[in-house]
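[1] Provided below for reference: sequence and predicted model.
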Amino acid sequence: MIDKQNADGWIRRYHAADESPIRLVCLPHAGGSASFYFPMSQALAPAVDVLSVQYPGRQDRRHEPGITDIGVYADALTSALLPWADRPLALFGHSMGAVLAFEVTRRLERDHGITPVRVFASGRRSPSSFRPETVHLRDDDGIVAEMRELSGTQASILGNEEILRMVLPAIRSDYTAIENYRATPQDTVNTPITVLTGESDPRTSGEEAEAWEGHTLGGFDIHRFPGGHFFLAQHQAQILKIVSEELAAATRKG
């Protein structure tokens, strides 16, 4: 019997779907929180049991230290997901979450013999497409400037000094983790990968998005959308349709 509260705190289950044949694990971007995926959970239930990941250092985990290494992140999250692997899993990650989805999938396959049905990699270049980035070394104002540029944080938060200072340590930790992440072209998974990318994303070129194909030995497809790094906010209906159709197809195959 799964511990629905998941004592270690990683999993949020906003719309429990106990009868669903499949689970979708949603991983937020750097600085993001589980609630980012509340609309997706609401839209997909009860056909899909959506698990939203809550990273340490924010919201109800704000008193926990942030994690500054993607490998440590992936190890901890893989362990947290094992109790939920009693039915097929898929993973959806945006930006840093896409890399985490890939690394968690590698660990599930390699260490536990679990092959997820699909990884949805949104708003992120392929694991081996390296760019030198140093946002994590900036002062607080420099990090806020990055957040404004990518438009991934609510304006109300950016304008609220008290809230902003509360979340900046978690954001810095996440940027430290993702900017120091390295993978090689030989790092692959057997799980099929669906890439979602913004055509004017300043952090991911079309070529870098397509390079995800080299990291899977399973199927691959890519969907391009008008917009920047947070294109998914403007294209929720289309993205939900893609996710729903892919998961329904995976369920039929199963």
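    Ah, there it is. Numbers count the residues shown, from 1 in each chain.
[2] List phi and psi for L27.
    phi -120, psi 120 (degrees, to the nearest 10).
[3] I'd say it and G97 touch.
    Yes - using CB atoms under 8 Å, L27 is in contact with G97, at 3.3 Å. No exception for glycine: its C-beta is placed from N, CA and C like everyone else's.
[4] list residues touching both of these two?
    The overlap between the contact sets of L27 and G97 (CB atoms under 8 Å, 6 or more residues apart in numbering) consists of V53.
[5] show me what contacts E133?
    Applying CB under 8 Å, 6+ apart, the residues near E133 are E179.
[6] Do a quick rundown of the strands in the stretch 101-250 of the chain.
    According to DSSP state E, counting those that start in this stretch, the stretch 101-250 of the chain carries its strands in the segments 118-122, 193-198, 220-225.
[7] V167: how many residues sit nearby?
    Residues near V167, counting by other CB atoms under 10 Å, number 20.
[8] On the pLDDT front, check it for me.
    As summarised for this prediction, V167 has a pLDDT of 75.
[9] Tell me the spacing between it and D221.
    34 Å (CB to CB, to the nearest Å).
[10] Ok, which of the strands of the stretch 101-250 of the chain comes nearest G32?
    With CB to CB as the criterion, G32 lies closest to strand 118-122 of the strands of the stretch 101-250 of the chain, at 11.8 Å.
[11] Which residues are in contact with the closest residue to G219 other than its chain neighbours?
    In this structure, G219 finds its nearest non-sequential neighbour in P192, 3.8 Å apart by CB to CB, 6 or more residues apart in numbering. With contacts defined as CB under 8 Å, 6+ apart, P192 is in contact with 117-119, 216, 218-220.
[12] just P226 next, same as before
    By CB under 8 Å, 6+ apart, the residues touching P226 are 198-200, 234-235.
[13] Could you give the number of residues near N180?
    By other CB under 10 Å, the residues close to N180 number 12.
[14] Output the below-cut-off pLDDT ranges for the chain.
    Applying pLDDT under 70 to the chain flags the ranges 1-8, 134, 136-137, 148-165, 254.
[15] repeat that for 90
    1-8, 30-33, 36, 57-60, 62-63, 130-172, 201-203, 227-234, 251-254 (pLDDT under 90).
[16] Tell me where the stretch 1-150 of the chain has helices.
    38-44, 70-81, 96-112, 140-150 (DSSP state H, counting those that start in this stretch).
[17] which stretches of the stretch 151-254 of the chain form helices?
    155-158, 161-179, 206-210, 236-253.
[18] For A76, find the nearest of those helices.
    Among the helices of the stretch 151-254 of the chain, helix 161-179 comes nearest to A76, with 11.8 Å by CB to CB.
[19] which helices and strands sit right next to that closest one?
    helix 70-81, helix 96-112, helix 140-150, helix 155-158 (3 or more CB pairs under 8 Å, 6 or more residues apart in numbering; DSSP states H and E).
[20] Give me whichever of those helices is most buried.
    Across these, the average number of neighbours (mean count of other CB atoms under 10 Å) peaks for helix 96-112, which reaches a mean of 23.
[21] Tell me the buried residues in stretch 217-232?
    For stretch 217-232, the neighbour count (16 or more other CB atoms under 10 Å) marks 225, 227-232 as buried.
[22] nearest to G113, of these?
    Among the buried residues of stretch 217-232, and counting by CB to CB, the member closest to G113 is L232, at 31.7 Å.
[23] what's the closest one in contact with, if anything?
    Counted by CB under 8 Å, 6+ apart, L232 has contacts 94, 122-123, 196, 225, 239.
[24] give me that answer again for 10 Å
    36, 40, 92, 94, 122-123, 196, 198, 225, 238-240 (CB atoms under 10 Å, 6 or more residues apart in numbering).
[25] Over to E210?
    E210 neighbours (CB under 10 Å, 6+ apart): 125-126, 129, 195, 197, 220, 222, 224.
[26] So T191 sits against R110, correct?
    No - counting by CB atoms under 10 Å, T191 sits too far from R110 to count as a contact (11.7 Å).
[27] Spell out which residues are contacts of both of the two.
    With CB under 10 Å, 6+ apart, T191 and R110 have no common neighbours.
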